[in-house]
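**Student:** Give the three-dimensional model of this entry:
(chains A and B)
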Amino acid sequence: MDFSLSEEQRLLQDSVSRLMADKYAFTARRNFAKEADGWSREMWQQYGDLGLLGLPFSEDVGGMGATGVESMLVMEAFGRAVILEPYLASVVLGGTALRHGGSSAQKADILPGVADGSVKVAVAHGERQARHDLSDVLTTAKKDGGDWVLEGAKSVVLHGDCADKLVVSARTSGERSDANGVTLFLVDAGQEGVARRGYRLHDSTHAAEISLSSVRVPGSAVLGEVGNGLKLVERAYQAGIAAVAAEAVGAMETLHTMTVEYLKTRVQFGKPIGENQVLQHKAADMLVELEQSRSMAMLAAMMVDETDDAERDRMLTMVKVHLGRSAVACAKNAVQLHGGIGMTEELAIGTYYRRIMVIEQLFGDTAHHLARLAAAVN
Amino acid sequence: MDLQFTPEEKAFRQEVRTFIRDNLPKATRERMRLGYTATKPQIVEWLKILNARGGWSVPGWPKEWGGPGWTTVQRAIFTEEVYMGPAPEPLSFNSTMIGPVLIQFGTEKQKKHYLPRAANMDDWWCQGFSEPGAGSDLASLKTAAKRDGDHYVVNGQKIWTSTAHNADMCFCLVRTNPNAAKRQEGISFILIDMKTPGIEVRPIITMDGSHHVNEVFFTDVRVPVENLVHVENKGWDVAKFLLSNERNGIARLGKTMERLDRAIELARDVRAGGKPLIQDQAFRERVAKLQVELKALEITQLRVIDRVSRASDGKPDAGSSVLKIKGSELYQEATEMAKDVAGPLAMAIWAKDLDAMSNEPEMTPEWAAPLAPTYLMSRAASIYGGSNEIQKNILSKRVMGF
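**Tutor:** Below you'll find the predicted structure:
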């Protein structure tokens, strides 16, 4: 057991933190959100230059071959800045699906582009009727000669509006909500029959509704095994949970720091409001949640590459349940302790709050994962 | 970074588990599994067995003074296994309080006399800190010790003294200089033989119906000056050292896990709505929530242990306040859950003693009987060892700088 960071890990942590501190102040973020895609091309390039976009990929495809711990450190720094760029969508979700499901040719074809930033991937799995049920897939793919023809619609696809490549799930056999019979396909975003409508989420990151009408792809577009795509989606979502767990820690840490600072400077009744014990104790509650969430982010970083499927699934499910309760509680206290000013666009508090609200809904919400854990109690 | 235990640590856990399984007296285990506290003879018997194994009764002590010289990680593993046993834990007064205090502050004579006796439970120690007017505000204590030749003469009252009725010795905070400029500067740390004339122990019955804590009255109690620890009027330094030790490892994770396992075990037998309670979705979600929080605390505890074992100054970590707060809350949740599993049956005070002479079957099941008392007593977990509000004050001051 050892919680210390290696020298390389500390250097990585320092360089990402420095980059974010220099370039990603709250006002800068506001301007990035106004750019064409709703995020900064320049920052994207900088992430690429630092090697962050290829962090988890093996070196032969332009990656750094890093572990979950490095990803955790990067996501924490991104969480402090509440970044807008499609890192989670492309590197974490898309990257994980490709890493675990891609053939050598597919990996060699796509991952170097992801790593240098020239290619952005989005995982298009969720559908409007499915809510958090991963197996509820109505989009279909029908074999036509050597090709597949996709038909259907995908909903709230993270950064689906700017992606170059889509990982699309479609039912190739079985009934709606069967665990088997879902297959993943690599689809060019610009391909005929793909229509995308992009929009902003409440945290200013982007997503898209995507419709697929008679989208024809070759047999080589299948990612992983035919009929076994859900396993890959699960794997990608587990990596997503680990990533947002770390991101939430960064956000919670900043919320806590800002709140403590505010309590020390805001004067009412002739003294800093932080002299009131009732407010100190709420700030202490935030700190307790931060520490507990940090522990869970570490657990997630350790478990994300665990080879035992059931164990990995169980641990990341626990992480998501904890994250939902703990991060939301911390964010609520941050707003409450700031009072009216915490409600405004003027301060970053609301931005962190909204990011945490969005994170809670990603990859299955708290109730969804709690029900899964509960089903295993016996 | 690596959250896994090393193969050596895993082997150590197995060694401890096997030893407890093979050596813990059956009656003691059964009594504790039902949820009762072990009796004094059972505790002493078991701790002597642990001591004979190589100082396992005092897991934090160095080898030099009869402890096993374990790492902080080994200690955490040992504690968890003891709770999971379930076996009586090392007596904290001996093991984590007076022992480390004497090793740090005691004279050679004090160490040589008291340490082996404490390790072997030849002395059962109790803690004379709190007073009616000095609870969380410990420095306002009034019990006076006046110098008279080679003795201190002690007058005053202590309260909430856990197991004073079992104790042979008491380490006590007394006021030796009532005129000190700061309240903390007039306090001394002395060792009192509980058989000394002038000591009266009166039980306080807590709401679980048990006798665990006491009031202790001192009337002209003569204590030899050689029983002073550290320097006269510098007892506050000793107290601070002791309290920070008390907070370390106070998460009591193993104890909470044992209670949760017990609640689950009972819920398989208890029926609700025609099926086992364990199949009830609301109950299962309650269990799952607690499992999640426990998992987070398990890692937090390892992080604190890791930091403390690396810290060169040996100072307690602010994280130990987090452990105390969350640890006590989760223990309370687990005991409450076990009580709720039994439901109305847990409300009955078990009438076995009354029935002892008759052949009538028991009125309510024995397994349900200790659940409410354990739950009731668990409310103290967020009060003792520095109340959770005091812990939040510590976080406010030390970490957040208020």
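
**Student:** what's the burial count for residue A:228?
**Tutor:** Residue A:228: 16 surrounding residues under other C-beta atoms under 10 Å in any protein chain shown. To be clear about C-beta, it is placed using only N, CA and C from the backbone, and glycine gets the same treatment.

**Student:** repeat for residue A:36
**Tutor:** 7.

**Student:** got the residue ranges for the helices in chain A?
**Tutor:** All helices of chain A, identified by DSSP state H, fall at A:7-23, A:26-33, A:41-50, A:68-81, A:87, A:95-101, A:104-116, A:229-265, A:277-303, A:309-338, A:349-361, A:366-375.

**Student:** try the stretch 101-250 of chain B
**Tutor:** Per DSSP state H, counting those that start in this stretch, the stretch 101-250 of chain B carries helices over the ranges B:108-119, B:235-247.

**Student:** So which of the ones you listed is nearest residue B:181?
**Tutor:** Nearest to residue B:181, of all the helices of the stretch 101-250 of chain B, is helix B:235-247, at 13.1 Å by C-beta to C-beta.

**Student:** contacts for the closest one?
**Tutor:** Contacts to helix B:235-247, defined as C-beta atoms under 8 Å, 6 or more residues apart in numbering or on different chains, come from residues B:60, B:92, B:96-97, B:100-101, B:104-105, B:129, B:138-139, B:173-174, B:176, B:184-185, B:187-190, B:229-230, B:315-316, B:320-321, B:323-324, B:385-386, B:391.

**Student:** Buried ones from those residues, can you make that a PyMOL selection?
**Tutor:** Here the buried members of these are turned into a PyMOL selection, burial being counted by 16 or more other C-beta atoms under 10 Å in any protein chain shown:
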select buried, chain B and resi 60+92+96+97+100+101+105+129+138+173+174+176+184+187+188+189+190+229+230+316+320+321+323+324+385+386+391
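
**Student:** Of the contacts of helix B:235-247, which belong to strands?
**Tutor:** Using DSSP state E, the subset of these located in strands is B:173, B:174, B:187, B:188, B:189, B:190, B:229.

**Student:** Distance of the one residue sitting closest to the centre of chain A relative to residue A:116?
**Tutor:** Chain A has residue A:88 as the residue nearest its centroid, 4.1 Å off, counting by C-alpha atoms, centre = their mean. The spacing between residue A:88 and residue A:116, counted by C-beta to C-beta, to the nearest Å, is 18 Å.

**Student:** before we move on, what about residue B:254?
**Tutor:** 50 Å.

**Student:** Check residue B:75 too.
**Tutor:** From residue B:75 to residue A:116 the distance is 49 Å (C-beta to C-beta).

**Student:** Out of those two, name the residue with the larger neighbour count.
**Tutor:** Neighbour tally, residue B:75 and residue A:116, criterion other C-beta under 10 Å: the higher count belongs to residue B:75, 19 against 15.

**Student:** so of the helices of the stretch 101-250 of chain B, which one's packed in deepest?
**Tutor:** helix B:235-247 (a mean of 20; mean count of other C-beta atoms under 10 Å in any protein chain shown).

**Student:** Surely residue A:376 and residue A:314 touch.
**Tutor:** Yes. Applying C-beta atoms under 8 Å, one finds residue A:376 in contact with residue A:314, separated by 7.2 Å.

**Student:** and the nearest residue to residue B:216 once chain neighbours are set aside, how many neighbours?
**Tutor:** Using C-beta to C-beta, 6 or more residues apart in numbering or on different chains and skipping residues adjacent in sequence, the residue nearest residue B:216 is residue B:158, 4.4 Å away. Neighbour count of residue B:158, defined by other C-beta under 10 Å: 26.

**Student:** which residues touch residue B:158?
**Tutor:** B:128, B:129, B:130, B:131, B:143, B:164, B:172, B:215, B:216, B:218.

**Student:** Could you give the number of residues near residue B:204?
**Tutor:** 13.

**Student:** For it, which residues are in contact?
**Tutor:** For residue B:204, the contacting residues are B:159, B:160, B:211, B:213, B:214, B:215, by C-beta under 8 Å, 6+ apart.

**Student:** just residue B:77 next, same as before
**Tutor:** Contacts of residue B:77 (C-beta under 8 Å, 6+ apart): B:5, B:9, B:12, B:13, B:16.

**Student:** And for residue A:349?
**Tutor:** A:255, A:258, A:259, A:334, A:335, A:338, A:341, A:342.

**Student:** Can you get me a residue count around residue 367?
**Tutor:** I went with chain A, as the question did not name one. Other residues close to residue A:367 by other C-beta under 10 Å number 12.

**Student:** hmm, I had chain B in mind actually
**Tutor:** 19.

**Student:** Which residue comes closest to it once chain neighbours are left out?
**Tutor:** residue B:34 is the one closest to residue B:367 (C-beta to C-beta, 6+ apart), at 6.2 Å.

**Student:** Help me confirm that the one you found comes into contact with residue B:373.
**Tutor:** No. Assessed by C-beta under 8 Å, residue B:34 is found out of contact with residue B:373, at 11.2 Å.

**Student:** These two - which one has more neighbours?
**Tutor:** Neighbours were tallied for residue B:34 and for residue B:373 using other C-beta under 10 Å; the higher tally belongs to residue B:373 (22 against 16).

**Student:** No further questions, thank you.
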